[in-house]
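Peer 1: coords below, sequence missing:
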Ligand SMILES: CC(C)(COP(=O)(O)OP(=O)(O)OC[C@H]1O[C@@H](n2cnc3c(N)ncnc32)[C@H](O)[C@@H]1OP(=O)(O)O)[C@@H](O)C(=O)NCCC(=O)NCCS
């Protein structure tokens, strides 16, 4: 499993990864009905590649994109950014989201970002658990437009590698 910054050509990996994404996973990430496909506007959005407003960290195994974490901000030098992550169904609950976010956070800090925001459906227990695990405690979301809104300082995210078998192939199908 290779965890690396987004690079040119990764949009094609995202498109190909759709066969490993359940409709529920896509809907939890994008908060819209998906019919099992990623939103067309999103695919156009990532096609532009890394830029000060947007960047991502990807996990690739034998040419297959297993998950990716990304941030977006506006304006390009804003100290706060939205964070989102998606892990393809076969690789969920193996520590991948945590590893992706920890790696991305280091790059966010280097890019001048100081705080993270994320909107999550209240029914998304996995993401609530992930936020708790990363922030060390539940940062206490607010309720905005029908969604839970999390905001916390990047300094709250521990940067050390997680104690999981991220490089031990058998942990990942
Ligand atoms: C949420 C999501 C990114 C988690 O990815 P993941 O790689 O499975 O997460 P990790 O394995 O790193 O889990 C880290 C911690 O999060 C929590 N967690 C993850 N999945 C969970 C679940 N299904 N139920 C409860 N807690 C969960 C746990 O505390 C877990 O630590 P543990 O396994 O030691 O108990 C993944 O389920 C996903 O892609 N969901 C659909 C998209 C989405 O909801 N994205 C987030 C909103 S932008």
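Peer 2: On my side now, so go ahead. All values reported here derive from a predicted model rather than from experimental measurement.
Peer 1: Spell out which parts of this protein neighbour the ligand.
Peer 2: With the criterion set to C-beta under 6 Å from any ligand atom, the chain comes near the ligand through 25, 28-29, 84-87, 92-98, 118, 120, 124-127, 129-130, 133. No exception for glycine: its C-beta is placed from N, CA and C like everyone else's.
Peer 1: 8 Å - rerun?
Peer 2: Proximity of the chain to the ligand, by C-beta under 8 Å from any ligand atom, involves residues 24-26, 28-29, 67, 83-88, 91-101, 118-121, 124-134, 162, 164.
Peer 1: Show me these that map onto strands.
Peer 2: Judged by DSSP state E, these include 67, 83-87, 118-120 as members of strands.
Peer 1: residue ranges for the helices of the chain, please.
Peer 2: Here the chain has its helices, by DSSP state H, at 10-17, 23-30, 40-47, 96-110, 125-135.
Peer 1: which residues pair with residue 71 across the strands?
Peer 2: Under DSSP bridges, the beta-bridge partners of residue 71 are residue 55, residue 83.
Peer 1: So it sits against residue 113, correct?
Peer 2: Yes. Between residue 71 and residue 113 a contact is recorded at 6.9 Å, counting by C-beta atoms under 8 Å.
Peer 1: okay, these two: which has more neighbours?
Peer 2: residue 71 (25 against 21; other C-beta atoms under 10 Å).
Peer 1: What residues does that one make contact with?
Peer 2: Counting by C-beta atoms under 8 Å, 6 or more residues apart in numbering, residue 71 touches 54-56, 81-84, 104, 108, 113, 116.
Peer 1: Going through those residues, which ones are buried?
Peer 2: Among the contacts of residue 71, the ones that count as buried by 16 or more other C-beta atoms under 10 Å are 54-56, 81, 83-84, 104, 108, 113, 116.
Peer 1: Let me know how buried the residue in the chain that the ligand sits nearest to is, in neighbour terms.
Peer 2: Per C-beta to the nearest ligand atom, residue 129 is where the chain lies closest to the ligand, at 2.6 Å. Close neighbours of residue 129, defined as other C-beta under 10 Å, add up to 12.
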